[in-house]
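A.B. asks: return a 3D structure for these sequence lines:
(4 chains)
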Protein chains: 2
Amino acid sequence: MFDWDDLRYFVGVADAGSTLKAAARLGANQTTVARRIAALERALGHQLFERGRAGYRLTEVGQRLLAHARPVAAAASAFAAEAAAARRALSGTVRLTVNEIYSEMMLTPLLAGFKAAHPQVRLELDHAHETRDLGRGEADIALRVATRIEGDALIARRIGEDRWTFYCSAAYAAANGKPRDIDALADHPLVGGGGPGVWDIYGRWLAHHAPGLEPVTLYDSSTGLLAAVRAGLGLAALPCLAVADDPALEPCFASGPVRRALWIVTHERTRQSPHIGAAMTYFGDALVRRAARLGLR
Amino acid sequence: MFDWDDLRYFVGVADAGSTLKAAARLGANQTTVARRIAALERALGHQLFERGRAGYRLTEVGQRLLAHARPVAAAASAFAAEAAAARRALSGTVRLTVNEIYSEMMLTPLLAGFKAAHPQVRLELDHAHETRDLGRGEADIALRVATRIEGDALIARRIGEDRWTFYCSAAYAAANGKPRDIDALADHPLVGGGGPGVWDIYGRWLAHHAPGLEPVTLYDSSTGLLAAVRAGLGLAALPCLAVADDPALEPCFASGPVRRALWIVTHERTRQSPHIGAAMTYFGDALVRRAARLGLR
DNA sequence: GGCCGGGGCTGCAAAAATGCAGGACAGGTC
DNA sequence: GACCTGTCCTGCATTTTTGCAGCCCCGGCC
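C.D. replies: Numbering: from 1, shown residues only, chains lettered A, B, ... in the order given. Next comes the predicted model:
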C-alpha cells in the first residue's frame, strides 16, 4: 500500500510544476519531494511525471490519477479544518474572516469593547483573500458581501446595504475640486487595486462604466489603496459602510444602484458554542447600529 | 501539518478497538500503530483515544474527527483502485468479479476457450464476497444478480433469468425420493449457507416460506455447499443457471417466481479498452448461449 | 562567451521511524 | 491460586528518511 501522505507531494508537484517550487510551498526540501514522488511511483507501479530540465510534467497516467488524488487532498484539508475548529471551540477562540477593507474601519474600533465584555474569548481575525468555508470549519464567523447568503446550514444576519462611492481626501478636494459624475472622472487620477474582494467589484465596475479609464496606480492590498486615497494620490471607489465616517475622506458621487448587502454569517453547528454566539451578538448589534447611524440600512 | 498517512492508523484503531488488532489488520507493528496515533494526537492538538486495559476507546473529539477521517480513507482507497485499474489496463489484465457459485460451473469451462481466443489477455477472477465498485475501478467486469442494473455509467447485458430450484444428488433421489413441493420439504435434510450472495437469497427465502425449517449444516462457501449436495448430504436451493447441466444433481421443485436476472456488467470508461471489450463479448456471448440452451432466457 | 538562475541528482551525516524483546497489568479459566 | 490471554508501554539496535552541500545541465542575458 502506498503512503497516503505522498499524495500531498503528488498534488503539490503537479500544481507547482517542479519539485523545487513544490518543496517551497510545502515547506520541505526539494530532495525529499523528489524522493517521495519516486517512492509513490514505485508503490503504484506508474510513472506519474516526465522529468525534464524544465521541471516535472505529468504523464498521461499521472493526469488521470491526479483527478483521483485531489478528492483525497480536499478530504484531508476538511479534516484538518475540523480539527482546528474543534481546537478553537475547546480553547474559547473565535475566528472571524473578513476582507481587510471592512476590518480596519468597522471592526478594529469594536475590538476593545468586545474584549472588555468577553475577556475569556480569544479573537482571531483572518484577512485571507480566499473565501473561507464555514461549513468546513475554516472560520467561525464571516463578514460577507452578497445579495443573499446561500448555504446549507448558514445563519446570516443583514448588516446594511453595501453602497460604493468615489472618495478623495479632503486636501485633494480643496486643491483640485471633486468630480460630480462619471463623465468628470476622466479629469482626475484614479487609484486602483485593493486586492481580490475589492478590485473584483471596483475594477469590474470601472471596466463596465468607464471603459477608457486606467488607474494611475494599482495596490494589491486595501490598506495600501486606502492610504493612497488618504494621501491625496487620487480617487477610488470605496464601500461607504467602511469609510463613510472617516474624517479624512470626502465622497464624490455614488457608483451606481445598490444590489448587495453586507452580512455577518456563521454556521448552525458552531453557533451553539457560547463564545461564537457572544461574538455574533456583539459584532452583529454593533455593526447594525453603525449601518443605521450612517444611513445604510 | 499532520501526516495524512496517520489517518489510516486512526481509522484502523477506531475500527479495531485496539492497537494490537489494528496492527494485525494493517500489517504493521503494534508499537508503530500506537506511536502513529500519539503523533497524530500531538499534531492535531486533540486526544483521540482513551487508553485503557481493554484497548483504545474513542474520545468525544475522536468520534467527531473520525467522521471526517473516513472520507479521506474512502478517497484514498478510490485512488488506489484507480491506480490498480490503470495498471491492469496497461498490462492487458481483466479483473472479473463474480460470486463463486456462478463461477465454477459457468465460467471455468469457458476459460480455456477465452485464453485460446485472446492469448495476450491476462484474466483475474475475483470471488470476494463484497460487491466491487466498477466505477471506482475495483474490478473491470462483474457478473451480478439484480432485477435491473443501476449506476451512473454502467453498461449491462442481460444473460438470463435467475431461477432458483431445490436440488439433490442423483444418489440421494434414488435412495430417498424427491420432495414435490414446499410442504414435503420438512421430510428431507437441508444444507444451508454458501456465503453472502447465496445465503442472502436462499436463507431469506427459507425464513419467509418455510419458517420452521432449519438446515442441518451451514457452509460458509458455495463450493462447500455444492460439494455437500453432490455428496448426498441433503437438499439445497441453487441457481439453475449455474447448476442445471450438472449431471450429478437433480431438480426437485422451483423455489418461486423469478424476478431477478443475471447480468454481465462493465463500466463505460473501461469498456473502451480492447481487452475488456473482448472479454465482455466473449463471456457475454457464451453465457447468453448457455442460458438459451438451459431454457432460462 | 561568460555568467546567472532555475531545476534536477548524488553522497553523506544527522534525525526519525520501525521492529523486537521484555515487562506490567487486568480479567478470565481451570 | 496458578496460568493463560489480550493489551499497553519502554528501551535499544537497526533501518529508513531527511536535509544539506555540492555538482551538473540548460537556456537566457549582458
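A.B. asks: my guess is A:Leu294 meets A:Ala242, correct?
C.D. replies: No. In terms of C-beta atoms under 8 Å, A:Leu294 does not count as a neighbour of A:Ala242; the distance is 9.8 Å. Quick note: C-beta positions are derived from backbone N, CA and C, even for glycine.
A.B. asks: these two: which is more packed in?
C.D. replies: Under the neighbour definition other C-beta atoms under 10 Å in any protein chain shown, A:Leu294 and A:Ala242 were set side by side, and A:Ala242 has more, 25 against 16.
A.B. asks: wait, a helix at A:Ala142?
C.D. replies: No. Residue assignment for A:Ala142, taken from DSSP: H, G, I helix; E, B strand; the rest coil, gives strand, which places it outside any helix.
A.B. asks: let's see the pLDDT reported for it.
C.D. replies: Looking at A:Ala142, its pLDDT reads 92.
A.B. asks: contact residues of the stretch 51-200 of chain A facing DNA strand C?
C.D. replies: Within the stretch 51-200 of chain A, the positions lying close to DNA strand C (C-beta under 7 Å from any atom of the strand) are A:51-56.
A.B. asks: by neighbours, which of those wins?
C.D. replies: In terms of neighbours by other C-beta under 10 Å, these top out with A:Tyr56 at 23 neighbours.
A.B. asks: ok, it to A:Gly12 distance?
C.D. replies: A:Tyr56 sits 10 Å away from A:Gly12, going by C-beta to C-beta, to the nearest Å.
A.B. asks: helices of the stretch 151-297 of chain A, start to end?
C.D. replies: With DSSP state H, counting those that start in this stretch, the ranges of helices along the stretch 151-297 of chain A come out as A:170-176, A:199-209, A:222-230, A:240-243, A:268-271, A:274-293.
A.B. asks: can I get the residues of the stretch 51-200 of chain A next to DNA strand C in JSON lines with distance to chain B and secondary structure?
C.D. replies: Written out in JSON lines, the entries for those read as follows (distance: C-beta to the nearest C-beta, whole Å; DSSP: H, G, I helix; E, B strand; the rest coil):
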{"residue": "A:Arg51", "distance to chain B": "20", "secondary structure": "strand"}
{"residue": "A:Gly52", "distance to chain B": "22", "secondary structure": "strand"}
{"residue": "A:Arg53", "distance to chain B": "27", "secondary structure": "coil"}
{"residue": "A:Ala54", "distance to chain B": "25", "secondary structure": "coil"}
{"residue": "A:Gly55", "distance to chain B": "23", "secondary structure": "strand"}
{"residue": "A:Tyr56", "distance to chain B": "18", "secondary structure": "strand"}
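A.B. asks: now for the residues you listed: which two are most distant?
C.D. replies: A:Arg53 and A:Tyr56 (10.9 Å; C-beta to C-beta).
A.B. asks: give me the neighbour count for A:Leu262.
C.D. replies: 23.
A.B. asks: around DNA strand D, pick out the residues from chain A.
C.D. replies: Listed as neighbours of DNA strand D in chain A under the rule C-beta under 7 Å from any atom of the strand: A:28-29, A:31-32, A:35-36, A:39, A:53.
A.B. asks: dump stretch A:248-267 to CSV, restricted to CA.
C.D. replies: The C-alpha trace of stretch A:248-267 is given here as CSV (Å, rounded to 0.1, in the frame of the first residue of the first chain):
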residue,chain,number,x,y,z
ALA,A,248,-10.0,62.4,6.1
LEU,A,249,-12.2,61.3,3.1
GLU,A,250,-14.8,63.1,1.1
PRO,A,251,-17.5,61.4,-1.0
CYS,A,252,-17.8,62.5,-4.6
PHE,A,253,-20.7,60.6,-6.2
ALA,A,254,-22.2,57.1,-5.8
SER,A,255,-21.0,54.5,-8.2
GLY,A,256,-24.4,53.1,-9.0
PRO,A,257,-27.6,51.4,-7.6
VAL,A,258,-27.1,49.0,-4.7
ARG,A,259,-27.9,45.4,-5.1
ARG,A,260,-25.6,43.9,-2.5
ALA,A,261,-25.6,44.0,1.3
LEU,A,262,-23.1,43.2,4.0
TRP,A,263,-23.9,40.2,6.1
ILE,A,264,-22.5,38.6,9.3
VAL,A,265,-22.6,34.8,8.9
THR,A,266,-22.0,31.8,11.0
HIS,A,267,-22.7,28.1,10.8
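A.B. asks: from the chain's centre, how far out does the helix or strand bottoming out on mean pLDDT in chain A sit?
C.D. replies: Of all helical and strand segments in chain A, the minimum by mean pLDDT, DSSP states H and E falls on helix A:268-271, at a mean of 77. Mean C-alpha position of helix A:268-271 versus that of the full chain (C-alpha atoms, centre = their mean, to the nearest Å) differs by 21 Å.
A.B. asks: quick one: that helix near chain B?
C.D. replies: No. Against chain B, helix A:268-271 shows no contacts by C-beta under 8 Å from any C-beta of the partner chain, the least distance being 10.4 Å.
A.B. asks: what comes up buried for that helix?
C.D. replies: A:270-271 (16 or more other C-beta atoms under 10 Å in any protein chain shown).
A.B. asks: likewise for stretch A:135-154?
C.D. replies: Along stretch A:135-154, these residues count as buried under the neighbour rule (16+ other C-beta under 10 Å): A:135-145, A:149, A:154.
A.B. asks: how about the residues of chain A by chain B?
C.D. replies: If contact is defined as C-beta under 8 Å from any C-beta, the residues of chain A in contact with chain B are A:1-5, A:7-8, A:44-46, A:61, A:64-65, A:68-69, A:71-72, A:74-76, A:78-80, A:82-83, A:86-87, A:90.
A.B. asks: what about the strands in the stretch 101-250 of chain A?
C.D. replies: A:122-126, A:141-146, A:154-161, A:164-169, A:191-193, A:217-219, A:236-239, A:249-254 (DSSP state E, counting those that start in this stretch).
A.B. asks: okay, those strands, which one's buried deepest?
C.D. replies: strand A:236-239 (a mean of 26; mean count of other C-beta atoms under 10 Å in any protein chain shown).
A.B. asks: helices or strands up against that strand?
C.D. replies: With contacts taken as 3 or more C-beta pairs under 8 Å, 6 or more residues apart in numbering or on different chains; DSSP states H and E, strand A:236-239 sits against helix A:100-102, strand A:164-169, helix A:199-209, helix A:222-230.
A.B. asks: in chain A, which residue sits closest to DNA strand C?
C.D. replies: In chain A, no residue comes nearer to DNA strand C than A:Ser18, which is 3.5 Å away by C-beta to the nearest atom of the strand.
A.B. asks: pull out the buried positions in stretch A:101-117.
C.D. replies: When burial is assessed from 16+ other C-beta under 10 Å, stretch A:101-117 yields the following buried residues: A:101-107, A:114.
A.B. asks: what about it, average pLDDT?
C.D. replies: Over the span of stretch A:101-117, the pLDDT mean works out to 91.
A.B. asks: good, we can wrap up now.
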